[in-house]
Structures are given as C-alpha cells and as structure tokens.
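Colleague: Fold the stuff below for me.
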Amino acid sequence: MVRQALSLIAFVFVIAFVSTADQGSDKPWRFAVSGDSRNCGDVVMPGISKSVLAHEVEFYWHLGDFRIGYDVDEDMQQSGGKPSIAEYHKTAWEDFITHQVEPFNTTVVHLGIGNHETYMHGRTKEDEKLSHAEFITKFSKWLGGSKTAYYRWKVHHLDFINMDNSSNAGFDESQMTWLEQVLKEDR
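Modeller: All right, here's what the predicted structure looks like:
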C-alpha cells in the first residue's frame with residue numbers, strides 16, 4: 001500500500017513540475033491530458049483533438065477507460081442502433097481508434113489503460129487477463145512499443161510515466177520494480 005502511494009506521489013510530482021521544465025528554453029510547450037471517454041468519446045474527443053491541434057501541443061495523453069466494455073457505449077448506440085454485445089466487442093477498439101485517436105492527426109498520442117479496457121471479453125479474472133493482453137497488443141503503437149501497459153517517454157528533459165492500475169490488485173511487483181529502476185535512473 002505504501003509503495004502504491006509513493007508511486008502515485010512520484011507521478012503527481014512529475015506532472016506538477018512540467019511548467020518549470022526546460023528552463024533554458026524561451027519557447028513554452030504544452031501537452032494535453034484527459035481520460036474516461038467511454039459513452040461519449042466519439043462525440044467529445046474530436047472536439048478535444050481540435051483544441052489540441054489549435055494549441056500546438058507536443059502530445060496528448062489519454063489516461064484510459066476508452067470504452068465501457070461490459071455494455072455498448074452510448075455514442076456507438078447513437079450511430080446506428082444498439083449492436084449486440086458480441087458485435088460491440090468486435091468493433092469497439094477500431095471505433096475508438098477511428099473516432100478518438102485518428103482525429104489527433106500528427107500529434108503524438110500516448111494511451112493509458114483503465115479498468116474498463118479489461119472488460120472486453122467479460123468480467124471474470126480470466127476474461128480480464130485476456131482483455132488486458134489484447135489491449136497491449138492492439139495499442140502497442142500508442143504505448144511506446146511497450147510489452148506492458150506501463151511505460152515511459154521523455155519530452156524536454158521530463159520523464160513521463162504511465163502506470164497500470166487497471167486491476168483491483170493495483171500495481172504488481174514487476175511494475176513497482178520497474179518504477180523503482182526508472183526513478184533511480186532519473187535521479
């Protein structure tokens with residue numbers, strides 16, 4: 001529990017000091033963060049992407065919960081009626097990419113995983129593990145090529161760290177070991 005709290009504090013620390021980064025540069029820079037676009041992502045994300053493009057941000061970071069997973073998202077129901085849950089599960093990821101990622105055009109996009117990404121095959125522990133693995137495979141391009149749902153990237157001498165707490169267990173031991181190594185390198 002203490003390790004989980006420390007990792008969250010480290011994450012908040014990095015975000016809090018973005019405005020003081022790269023002190024030697026006169027040029028300010030921006031990034032955008034949002035999450036939980038389930039049920040309305042196809043409607044709101046194109047608007048967010050327009051703002052991101054207009055403000056020339058260096059990257060956009062989605063913190064997870066792209067789709068509801070265990071039911072059909074309301075925005076997908078609006079575009080042609082409510083499909084069966086099986087049909088929804090076949091199309092939800094591609095719909096997310098088409099309507100919520102592609103509008104960012106050439107802006108770099110980083111994706112995080114939320115608990116709802118683990119419901120795409122059902123709600124048993126086995127289903128959640130299958131959904132989690134599928135998420136990593138499907139979205140590797142937006143995970144920095146990582147083989148895990150936790151990863152890092154650097155921009156303007158800042159290390160951005162995306163953690164994976166999509167399961168009720170929180171951060172597993174291998175993720176915490178990885179985070180400790182990343183923080184040690186950053187020190």
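Colleague: Tyr60 in helix, strand or coil?
Modeller: The three-state assignment at Tyr60 reads strand, by DSSP: H, G, I helix; E, B strand; the rest coil.
Colleague: Distance of the residue positioned nearest the centre of the chain relative to Glu56?
Modeller: Most central residue of the chain, judged by C-alpha distance to the mean C-alpha position with CA atoms, centre = their mean, is Gly112 at 2.0 Å. Using CB to CB, to the nearest Å, we find Gly112 at a distance of 23 Å from Glu56. C-beta here means a position set from N, CA and C on the backbone, and glycine is covered the same way.
Colleague: Now for the residue nearest to the centre of the chain: which residues touch it?
Modeller: Shown in contact with Gly112 (CB atoms under 8 Å, 6 or more residues apart in numbering): Gly35, Trp61, His62, Leu63, Gly64, Ala149, Asn162, Met163, Asp164.
Colleague: any idea of the pLDDT on it?
Modeller: At Gly112, the pLDDT value in this model is 98.
Colleague: what's the answer for Arg187, then?
Modeller: 89.
Colleague: For burial, what's the neighbour tally of it?
Modeller: Under the neighbour criterion other CB atoms under 10 Å, Arg187 is assigned a count of 5.
Colleague: Gln77 is in contact with Asn39, correct?
Modeller: No: with contact defined as CB atoms under 8 Å, Asn39 does not reach Gln77; the gap is 9.2 Å.
Colleague: Looking at these two, which has the bigger crowd around it?
Modeller: Higher neighbour count among Asn39 and Gln77: Asn39, with 18 against 14, using other CB under 10 Å.
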